[in-house]
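Visitor: Turn this into a structure:
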Amino acid sequence: MALREVVLVALTSGEMSGYDIAGRFDRRLSFVWHATHQQIYRELKALERDGLIRHRVVGQAQRPDKKLYRLTVEGERALHARLLDDAAARPARVKDPLLVKCFAGEHMPAAEMRRQIRLTRDHYRERLEVLQEIETTARRQVPEPTAGQMMAYLALRRGISAARGWIEWADEADRALSAYE
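Guide: From the prediction side, this is the model:
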């Protein structure tokens with residue numbers, strides 16, 4: 001998967017402005033894909049150039065005109081083909097600065113590594129709380145989910161599991177490194 005497919009997925013909900021899409025990344029998609037607003041706007045231009053989305057301009061009274069983007073038939077086909085592609089089912093490649101620091105452990109004091117591990121653990125605890133709130137709300141609002149809603153719920157459950165795994169690892173690492181201070 002690439003950012004382009006994630007933007008196309010966001011547009012399956014209907015017509016949106018670039019600001020709306022970026023907001024969706026900030027609120028919901030950030031748990032499965034990180035992108036800056038600049039990257040999203042750059043991708044929107046490329047997707048439109050490639051004929052996968054189109055925009056229309058909507059005038060606003062006290063703000064600049066805004067562009068509302070929507071999928072084209074070609075965009076729907078491209079997204080569908082990508083979603084059915086088995087290559088997207090391979091495990092994601094890891095890019096984790098904290099783990100790189102662990103590999104460079106001989107060059108870092110254990111106390112500093114523990115501090116950074118605890119900081120990471122705190123971030124994952126915050127993430128876990130947010131994800132669990134989303135889960136509680138989803139269960140209440142959608143007692144009998146459709147297949148599509150169940151798939152989104154399963155992605156949420158994976159995020160919860162990952163956050164718990166990070167917290168567990170951070171606790172283990174913190175205890176293990178305490179002997180080296």
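
Visitor: what separates the worst-scoring helix or strand of the chain on mean pLDDT from the chain centre, distance-wise?
Guide: When the helices and strands of the chain are compared on mean pLDDT, DSSP states H and E, helix 18-27 comes out lowest with a mean of 88. Centroid separation for helix 18-27 versus its chain: 11 Å, with CA atoms, centre = their mean, to the nearest Å.

Visitor: and the helix or strand following it, which residues are buried?
Guide: As assigned by DSSP states H and E, the chain's next helix or strand after helix 18-27 is helix 37-49. Using 16 or more other CB atoms under 10 Å as the test for burial, helix 37-49 gives 40, 43-44, 47-48. Placement of C-beta: from N, CA and C, glycine included.

Visitor: what's the following helix or strand after helix 37-49?
Guide: For helix 37-49, the following helix or strand on the C-terminal side (DSSP H and E) is strand 53-58.

Visitor: Which strands or helices does that following strand pack on?
Guide: Other elements packing on strand 53-58 under the criterion 3 or more CB pairs under 8 Å, 6 or more residues apart in numbering; DSSP states H and E are helix 37-49, strand 66-71.

Visitor: how is the protein carved up into domains?
Guide: Domain segmentation of the chain under automatic domain parsing yields 3-89, 97-178.

Visitor: and the last one, how far apart are its ends?
Guide: Which is domain 97-178. End-to-end distance of domain 97-178: 21 Å, with CA to CA, to the nearest Å as the criterion.

Visitor: Might one say that Q60 is in contact with K66?
Guide: Yes - Q60 lies in contact with K66 (CB atoms under 8 Å); the separation is 6.2 Å.

Visitor: if you count what's nearby, which of those two comes out ahead?
Guide: Using other CB atoms under 10 Å, the more surrounded residue of Q60 and K66 is K66, with 15 against 9.
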